[in-house]
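J.: Give the three-dimensional model of this entry:
(one chain, ligands or ions: 3)
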Amino acid sequence: MIRIFLTGYMGAGKTTLGKAFARKLNLPFVDLDWYMEERFHKTVGELFVERGEAGFRELEKNMLHEVGAFEDVVISTGGGAPCFFDNMDFMNRNGKTVFLNVHPDVLFRRLRVAKQQRPILQGKQDDELKEFIIRALEKRTPFYSQAQYVFNADELEDRSQIEKSVEKLRDLLKL
Ligand SMILES: Nc1ncnc2c1ncn2[C@@H]1O[C@H](COP(=O)(O)OP(=O)(O)OP(=O)(O)O)[C@@H](O)[C@H]1O
Ligand SMILES: O=C(O)C1=C[C@@H](O)[C@@H](O)[C@H](O)C1
Ligand SMILES: [Mg+2]
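T.: Ligands and ions are numbered 1, 2, ... in the order given. Predicted coordinates for the structure are as follows:
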């Protein structure tokens, strides 16, 4: 039975790489953010506003436990999920965990064009966004680093880079 959890900061490529990786392994792909959105018929942004961050994190933990029971699956978590409760321990106990590590400059480049969909980043100017990413990584890296594998996901800009990353990740996980 294969159960893989991909973690990392927003824009690290959990969804992009997760989807391609699952396709390669012929496994279903579950993105925790999307799963929550479908289950509650609300966007992550709406869930955040409605319940506040604490309420969102509680729900996210419950949903992680739900998808964490699926078998033969590639799961990508939300960017914050590993950093709350004992979520990282839960994932380590129940599957293979991968931290998608990406240089802050690369995250900044990706997120400045895609910040509107991410409630935590909305409305931030460039300088502020860059600083925010650096500070967040300082706080979150100790959690992400508890993953069993660390994978550099700096290069995910086009199909060919994504394909190469899929192969490298397959080697790393010996699958
Ligand atoms: N060439 C590119 N130029 C700009 N942005 C890009 C490019 N390639 C990917 N991105 C963006 O980088 C991000 C990386 O992908 P992805 O959405 O998979 O990250 P994620 O880890 O799932 O983030 P989140 O935790 O927010 O869901 C996406 O927002 C995507 O729009
Ligand atoms: O990094 C975070 O805290 C988040 C990342 C996204 O995947 C979403 O789960 C949400 O926008 C919060
Ligand atoms: Mg995603």
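J.: Could you use CA atoms for every contact and neighbour count after this?
T.: OK.
J.: which residues in this structure form helices?
T.: 14-25, 32-40, 44-67, 87-94, 104-112, 126-144, 159-173 (DSSP state H).
J.: May I see the buried residues of stretch 119-130?
T.: 121, 129-130 (16 or more other CA atoms under 10 Å).
J.: Quickly check: it near ligand 1 or not.
T.: No. Counting by CA under 6 Å from any ligand atom, no contacts exist between stretch 119-130 and ligand 1, the nearest distance being 9.4 Å.
J.: can you list contacts of that stretch?
T.: 44-45, 48, 104-105, 108, 112, 115-116 (CA atoms under 8 Å, 6 or more residues apart in numbering).
J.: what distance separates the start and the end of it?
T.: 16 Å (CA to CA, to the nearest Å).
J.: swap in stretch 105-125?
T.: 15 Å.
J.: Return the residues of this structure in contact with ligand 1.
T.: So the chain meets ligand 1 at 9-16, 78-79, 110-111, 114, 156-157 (CA under 6 Å from any ligand atom).
J.: let's go with 5 Å and repeat that
T.: 10-16, 78-79, 110, 157 (CA under 5 Å from any ligand atom).
J.: tell me the least confident of these?
T.: Among the residues of the chain next to ligand 1, residue 157 has the lowest pLDDT, at 91.
J.: hang on, the earlier thing: distance to residue 89 added to the buried residues of stretch 119-130, as a markdown table?
T.: As requested, the buried residues of stretch 119-130 are arranged in a markdown table below (distance: CA to CA, whole Å):
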| residue | distance to residue 89 |
| --- | --- |
| 121 | 27 |
| 129 | 30 |
| 130 | 29 |
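J.: Which ones, among these, also lie beside ligand 2?
T.: Of the buried residues of stretch 119-130, not one also sits near ligand 2 (CA under 5 Å from any ligand atom).
J.: number of nearby residues for residue 117?
T.: 13 (other CA atoms under 10 Å).
J.: That one and residue 109, how far apart?
T.: Plainly put, residue 117 is 15 Å away from residue 109 if you go by CA to CA.
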